[in-house]
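Student: quick check, what structure comes out for this input:
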Amino acid sequence: MSKALLIKRRRTGEGAPPLFIVVGKKIFPKATARNLIKRRLRAIMRPVLQERKEAFTIIVQKEAKEMSFQELKEATLSNIGKQK
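Tutor: Next up, the predicted model:
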């Protein structure tokens, strides 16, 4: 399991968004960097959310700072695959 992302499954509720992404200011001080990682994670999670109909919370750790899109995708999908 990757230390870059902490992924938790949530109950789906009426009106609750299916995906929460938490990126701290201490880890990514610039808003552009925080927004970039959020956009990448949303793009990775879009097909997963349509397929599984579950809700997730993703907490981004400092190890994710140096990851490429492909590495982020592999880490995310492997973490979600282990939560079945």
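
Student: tell me the contacts of the most centrally placed residue in the chain?
Tutor: The C-alpha lying nearest the average C-alpha coordinate of the chain belongs to residue 58 (Cα atoms, centre = their mean; 4.0 Å). By Cβ atoms under 8 Å, 6 or more residues apart in numbering, the residues touching residue 58 are 5-7, 19-22, 41, 45, 76. From N, CA and C alone the C-beta is placed, and that goes for glycine too.

Student: residue 24 is in contact with residue 60, isn't it?
Tutor: Yes - the pair residue 24 and residue 60 qualifies as a contact (Cβ atoms under 8 Å) at a distance of 7.4 Å.

Student: in strands, which of the contacts of residue 58 fall?
Tutor: Restricting those to those inside strands, with DSSP state E as the criterion, leaves 5-7, 19-22.

Student: adding neighbour count, write the residues you listed out as TSV.
Tutor: Supplementary listing: these in TSV, determined by neighbours: other Cβ atoms under 10 Å:
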residue	neighbour count
5	22
6	14
7	19
19	17
20	13
21	19
22	11
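
Student: mind picking the two most distant members of those?
Tutor: Taking Cβ to Cβ, the two most distant members of these are 6 and 19; they sit 14.0 Å apart.

Student: where does this structure have low pLDDT?
Tutor: Under the criterion pLDDT under 70, the flagged ranges of the chain are 1, 82-84.
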